[in-house]
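Peer 1: task: produce atomic coordinates for the following.
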Amino acid sequence: MKTQTKIKNGYNYLNELCSFNADFNASTPSVNPITNRVQYIIHQLEALNITHELDMYNSKNAFIDEIKAEDTKYINVMVRFNSTLNPTSDTIVFLAHHDVVNLNSENCQDNTASVSNLLHLCSLLKLKQENNTLESNVVVCFTDAEESVSFDSKYGRSGSVRLGHRITKGDLGKVKYAINLELTAMGKNLWICPYIPKEQENIVTKDILNIDSNVKTYRVPPNDSIALVLQGIQGVCIGTLDDENSKQANEKGFCSTWSLCHREADKFENAIESDMTNLVDNLLIRLV
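Peer 2: Next comes the predicted model:
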């Protein structure tokens with residue numbers, strides 16, 4: 001009988017990640033991009049006995065594969081979960097950015113909660129892999145430099161540009177679509193912002209709607225999904241809202257939760273444990 005790893009949920013990870021300030025922001029790349037937030041992600045993956053890849057790349061251009069010691073760098077942390085049931089299946093990618101702008105903020109909504117939810121998802125994927133019940137190949141990527149807003153398909157610097165580059169090179173198998181998490185600390189009302197190349201059928205939205213038919217579609221600010229679609233990869237940004245904020249978004253196209261981004265008011269105290277767990281247990285894990 002296989003031993004099951006003790007699982008933290010996203011809220012537990014969030015509490016820990018919000019307990020210390022980030023030591024670098026996205027506008028100041030370093031020759032050593034392993035920030036304290038990256039160290040936390042690595043430590044939690046190691047605690048779960050999950051193998052990970054550190055993909056460092058040149059901060060000036062994410063398409064440059066060779067880096068020198070003196071180059072300033074960004075870093076993606078990537079985890080692969082291979083299906084033994086369907087080893088030739090398409091790959092589903094989940095991503096969330098780990099970098100921040102405001103070092104004085106807990107950055108709960110943007111985007112610490114999503115990083116935490118992906119750590120929770122990793123623990124569940126690990127169990128499915130061990131129990132031989134994982135039906136799809138899955139990649140989870142904690143991306144850097146989203147806050148630099150550099151998604152250009154030739155010279156972009158963001159971690160999602162780098163991820164797209166790896167996908168188009170074929171490093172991650174045949175990718176079905178990518179799901180980017182943003183603003184997922186509270187609320188059971190799911191919203192999506194799909195970015196679909198014109199020539200492609202919108203598969204990702206259909207799969208999400210099959211699980212949650214009440215999902216709302218909004219236009220949201222630039223995010224990592226844009227970098228993927230610019231490289232021909234189907235992607236969607238997803239997040240959650242409570243009833244009041246969902247009403248605001250429906251009526252005004254904006255809401256008070258989104259206005260917390262990059263502010264010191266973006267605190268852990270705004271997060272709701274049951275809502276975070278609901279997203280992982282009732283949507284993310286069901287997509288695989």
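Peer 1: residues contacting Val31?
Peer 2: Residues near Val31 by CB atoms under 8 Å, 6 or more residues apart in numbering: 69-73. C-beta here means a position set from N, CA and C on the backbone, and glycine is covered the same way.
Peer 1: can you say which of the residues you listed are buried?
Peer 2: Among those, those scoring as buried are Lys73 (criterion: 16 or more other CB atoms under 10 Å).
Peer 1: which of the contacts of Val31 sit farthest apart?
Peer 2: Greatest spacing in those, by CB to CB: Ala69 and Thr72 (10.9 Å).
Peer 1: what about stretch 11-30, start to end distance?
Peer 2: 30 Å (CA to CA, to the nearest Å).
Peer 1: buried ones in it, by neighbour count?
Peer 2: Residues of stretch 11-30 classed as buried: 11-14, 16-18, 22, 24-26, 29 (neighbour count, 16+ other CB under 10 Å).
Peer 1: what does stretch 250-265 give?
Peer 2: By 16+ other CB under 10 Å, the buried positions in stretch 250-265 come out as 255, 257-258, 260-262.
Peer 1: cool, and stretch 35-52?
Peer 2: Buried-residue list, stretch 35-52, by 16+ other CB under 10 Å: 35, 37-38, 40-41, 44-45, 48, 50, 52.
Peer 1: likewise stretch 134-144?
Peer 2: With burial defined by 16+ other CB under 10 Å, the residues of stretch 134-144 counted as buried are 134, 136-144.
Peer 1: okay, the residues you listed in TSV with secondary structure, distance to Ser153 and pLDDT next?
Peer 2: Shown next, in TSV, are the buried residues of stretch 134-144 (DSSP: H, G, I helix; E, B strand; the rest coil; distance: CB to CB, whole Å; pLDDT from 0 to 100):
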residue	secondary structure	distance to Ser153	pLDDT
Leu134	coil	32	96
Ser136	coil	27	96
Asn137	strand	25	98
Val138	strand	25	98
Val139	strand	20	98
Val140	strand	23	98
Cys141	strand	18	98
Phe142	strand	22	98
Thr143	strand	16	98
Asp144	coil	18	97
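Peer 1: ok, so of those, who is nearest Met56?
Peer 2: Nearest to Met56 among the buried residues of stretch 134-144, with distances taken as CB to CB, is Asp144, at 9.2 Å.
Peer 1: mind listing what the closest one touches?
Peer 2: Residues near Asp144 by CB under 8 Å, 6+ apart: 26, 33, 38, 74-76, 97-99, 158-159, 162.
Peer 1: what do you get for Lys176?
Peer 2: Residues in contact with Lys176 (CB under 8 Å, 6+ apart) are 90-92, 136, 203-204, 234.
Peer 1: work out for me the element it sits within.
Peer 2: Using DSSP states H and E, Lys176 sits in strand 175-181.
Peer 1: before we move on, what about Ala96?
Peer 2: Going by DSSP H and E, Ala96 is part of strand 91-97.
Peer 1: could I get the average pLDDT for the helix or strand following that strand?
Peer 2: On the C-terminal side of strand 91-97, the nearest following helix or strand under DSSP H and E is helix 113-130. For helix 113-130, mean pLDDT rounds to 97.
Peer 1: list the buried ones in helix 113-130?
Peer 2: Under 16+ other CB under 10 Å, the buried positions of helix 113-130 are 113-129.
Peer 1: mind listing what the nearest residue to Arg166 once chain neighbours are set aside touches?
Peer 2: Distance criterion CB to CB, 6 or more residues apart in numbering; nearest residue to Arg166, sequence neighbours excluded, is Leu172 at 6.0 Å. By CB under 8 Å, 6+ apart, Leu172 lies in contact with 80, 91, 93, 139, 166.
Peer 1: can you check Ile7 too?
Peer 2: Neighbour list for Ile7: 120, 123-124, 127 [criterion: CB under 8 Å, 6+ apart].
Peer 1: try 7 Å
Peer 2: Ser123 (CB atoms under 7 Å, 6 or more residues apart in numbering).
Peer 1: so it, which of the three states?
Peer 2: coil (DSSP: H, G, I helix; E, B strand; the rest coil).
Peer 1: now it: how far from Gln44?
Peer 2: Here the criterion is CB to CB, to the nearest Å. By it, Ile7 lies 11 Å from Gln44.
Peer 1: same question for Trp258.
Peer 2: Distance of Trp258 to Gln44, given as CB to CB: 27 Å.
Peer 1: pretty sure Arg74 sits against Pro29.
Peer 2: If you look again at residue 74, you'll see it is Tyr, not Arg. Yes: counting by CB atoms under 7 Å, Pro29 is a contact partner of Tyr74 at 5.8 Å.
Peer 1: that concludes my questions; thank you for your assistance.
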